[in-house]
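# Turn this into a model:
(chains A, B and C)
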Amino acid sequence: MPISRAFFDRPAPAVAQDLIGWDFRIAGIGGVIVETEAYTRDDEASHSFRGPRTANAAMFGPPATAYVYRIYGLHRCLNFVCRDAGAVLIRALEPVSGLKEMAERRALEDARLLCSGPGRLAQALGVGLGLNGASLLEEPFALLPPQEASTVVTGLRIGISRAVDRPWRFGRHRSRFLSKPFPPDATVVAGKRPLMPRQQEGESR
DNA sequence: AGCGAGATCGTCT
DNA sequence: GACGATCTCGCTA
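Presented below is the predicted three-dimensional model:
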């Protein structure tokens, strides 16, 4: 069954953690979510921290709304709006469907680099500002439940200068599609504790 | 592998 | 006028 609005009507950190392993697609193109970050209203790093503005209006919309913004004048970042102006930044996907289209948009072959980063992911999935404010519960979006449970690790958020101490970055343990690996001693917050053999998911490096 | 610079522009100071 | 929830390339080692 498809995802519900209730899934997003929770604190952003909880939603960010639970999104790991879901299959996310736009117009049929996408893959498994392997990395996310949570931002909340009382969080200095969040775009909603200083209240409603024209630019962040989508963050103050209902849960399950897409919030898309342009960063550094050229890239775009995709977020899922949660309860109370919170949001989850989608940072990386393991490409599964539409590899060909993604490779064309990225002008790049290596599957490893197609969606491993918020800007890369947005480019590969064709995310434009036109999707800002759209409902994640309708076309062209699709979110399918995890096929299997993921071991989820957490750590500090990346690329921010304020509220750097909050451990609100979540990722699938040792996925090779992360924008950046988690430290070896990263805290496991869900799923089975990793065992001896350091086996990468997917193909070998 | 890691570091530094450039690209590029709307929003806020 | 400065900066940002980033990416890529070129250089050093």
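
# mind checking the SS state of the closest residue to DNA strand B within chain A?
Of all residues in chain A, the one sitting closest to DNA strand B is A:G73 (2.9 Å; CB to the nearest atom of the strand). In this view, the C-beta of every residue, glycine as well, is placed from N, C-alpha and C. Secondary structure assignment for A:G73 (DSSP: H, G, I helix; E, B strand; the rest coil): coil.

# per-residue pLDDT, it?
According to the per-residue confidence, A:G73 scores 96 in pLDDT.

# can you tell me how far it sits from A:Y39?
21 Å (CB to CB, to the nearest Å).

# ok, those two, which is more surrounded?
A:Y39 (28 against 5; other CB atoms under 10 Å).

# who touches the residue nearest to A:V188 when sequence neighbours are not counted in this structure?
Spatial nearest neighbour of A:V188, excluding adjacent residues (CB to CB, 6 or more residues apart in numbering): A:V153 at 5.5 Å. Going by CB atoms under 8 Å, 6 or more residues apart in numbering, A:V153 touches A:170-173, A:182, A:186-189.

# contact partners of the lowest-mean-pLDDT helix or strand in chain A?
Of the helices and strands making up chain A, the lowest-confidence element is strand A:187-190, at a mean of 90, by mean pLDDT, DSSP states H and E. For strand A:187-190, contacts defined as CB under 8 Å, 6+ apart pick out A:17, A:20, A:149-155, A:167, A:170, A:173, A:194.

# buried residues in it?
By 16 or more other CB atoms under 10 Å, the buried positions in strand A:187-190 come out as A:A190.

# that older thread, and the contacts of strand A:187-190, which two are furthest apart?
A:A149 and A:P167 (21.0 Å; CB to CB).

# Neighbour count for the two, which is higher?
A:P167 (14 against 11).
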